[in-house]
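Visitor: Just to be clear, the model below is a prediction. Sequence and coordinates:
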Amino acid sequence: MAWFARWRRSRVLKNAELDPEVWRATIARYPFVTGLEPAELERLRELTILFLHEKSIHGAGGMAVRDEVRVAIAVQACILILNLDLDYFRGWVEVIVYPDEFVAEYEYVDEAGVSHRVEEPMTGESWERGPVILSWADAQQAGRGSGYNVVIHEFAHKLDMLNGEPNGFPPLHTGMQRTQWAGTFSAAYEDFCRKVDGGYELEIDEYAAESPAEFFAVMSEAFFECPALVRALYPDVYTQLTLFYRQDPAARVGSAAIPRARDEARPFA
Ligand SMILES: [Zn+2]
């Protein structure tokens, strides 16, 4: 990072105010914080402060964005980059929060060349070089061990978009093998889709079968929310995620509990 950016961030941290009560209450809600070393927890707090300084989080549809909401979104976004860098969230500034599901409108042209306008209820959405949009009602379902975390999901898409259209292939670190990532994720994705098609009751949200990009985002949710489950189901995917996120959440929380995930469908991007 450039000297100036480092200097600016150290000034932000020096002058920052993050209500200690709000911070304590927020981290108490999220099991992915469990087992973090004091130095890691402090790094998460600093990233949260910098995130709140550099991003603009505001409400829509009558949503009042209180401090608790801002900090909750920031801390979940920042667990992804705990051992990366805030620059992984570069190129955009806006987070929009709706009180509940919001309606996304888009147009597509079908095979016959006819244009359609679609309105679809969403719980979260990420735009390339644009905002992250979240439903607060759905964001509050996180941290219950079910693997569901719409905030982590959308910010994982942001990481995936660092090298273009989301495709489940974020920019890998030096030393990671592209062929290994691709082979591991393709095999797991195919297996997952086969199970969804076969009507298996899955412990990971079947929305992951939607596309390789959604598979990466849903696996990232589960990696932080119920890591032991991901490690048990797809150990090679788990290993690749530990290399990418530079974290081993299953080692932090232990592998005692393998909770059941929600398996109902959910309409979100
Ligand atoms: Zn998605």
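Guide: Received it, and whenever you're ready, just let me know what you need.

Visitor: contacts and neighbour counts: CA atoms only from here.
Guide: Will do.

Visitor: just for this structure, where's the confidence low?
Guide: 1, 254-269 (pLDDT under 70).

Visitor: how about a cut-off of 90?
Guide: 1-9, 14-17, 34, 103-112, 116-121, 128-129, 143-147, 201-203, 252-269 (pLDDT under 90).

Visitor: hmm, what's the outermost residue in it?
Guide: Ala112 (36.5 Å; C-alpha atoms, centre = their mean).

Visitor: Wait, a helix at it?
Guide: No: the assignment for Ala112, made by DSSP: H, G, I helix; E, B strand; the rest coil, is coil rather than a helix.

Visitor: do you know how far it is from the ion?
Guide: Ala112 sits at a distance of 28 Å from the ion (criterion: C-alpha to the ion, to the nearest Å).

Visitor: again, but for Pro131
Guide: Relative to the ion, and taking C-alpha to the ion, Pro131 is found at 14 Å.

Visitor: thinking that residue is in contact with Trp92, fair?
Guide: Yes: using C-alpha atoms under 8 Å, Pro131 makes contact with Trp92 at a distance of 6.6 Å.

Visitor: Same drill for the two, tell me which one is more crowded.
Guide: More crowded of Pro131 and Trp92, by other C-alpha atoms under 10 Å: Pro131, with 19 against 16.

Visitor: Next one: that one from Val93, what distance?
Guide: Counting by C-alpha to C-alpha, to the nearest Å, the gap from Pro131 to Val93 is 7 Å.

Visitor: all strands for the stretch 101-250 of the chain, in order.
Guide: Using DSSP state E, counting those that start in this stretch, the strands of the stretch 101-250 of the chain run over 102-109, 115-122, 124-126, 132-135.

Visitor: neighbours of Thr179, just the number please.
Guide: Count around Thr179 with other C-alpha under 10 Å applied: 9.

Visitor: whoops, I mixed them up, Trp3
Guide: Counted with other C-alpha under 10 Å, the neighbours of Trp3 add up to 7.

Visitor: residue contacts, it?
Guide: With contacts defined as C-alpha atoms under 8 Å, 6 or more residues apart in numbering, Trp3 has no neighbours.

Visitor: go on, Tyr88?
Guide: So Tyr88 contacts Ile81, Leu159, Leu162 (C-alpha under 8 Å, 6+ apart).

Visitor: Helix, strand or coil: sort out it for me.
Guide: Following three-state DSSP, Tyr88 is assigned to helix.

Visitor: isn't Ala16 right up against Leu47?
Guide: No: in this structure, Ala16 is not within contact of Leu47 by C-alpha under 8 Å, at 11.5 Å.

Visitor: Perfect, I'm done here.
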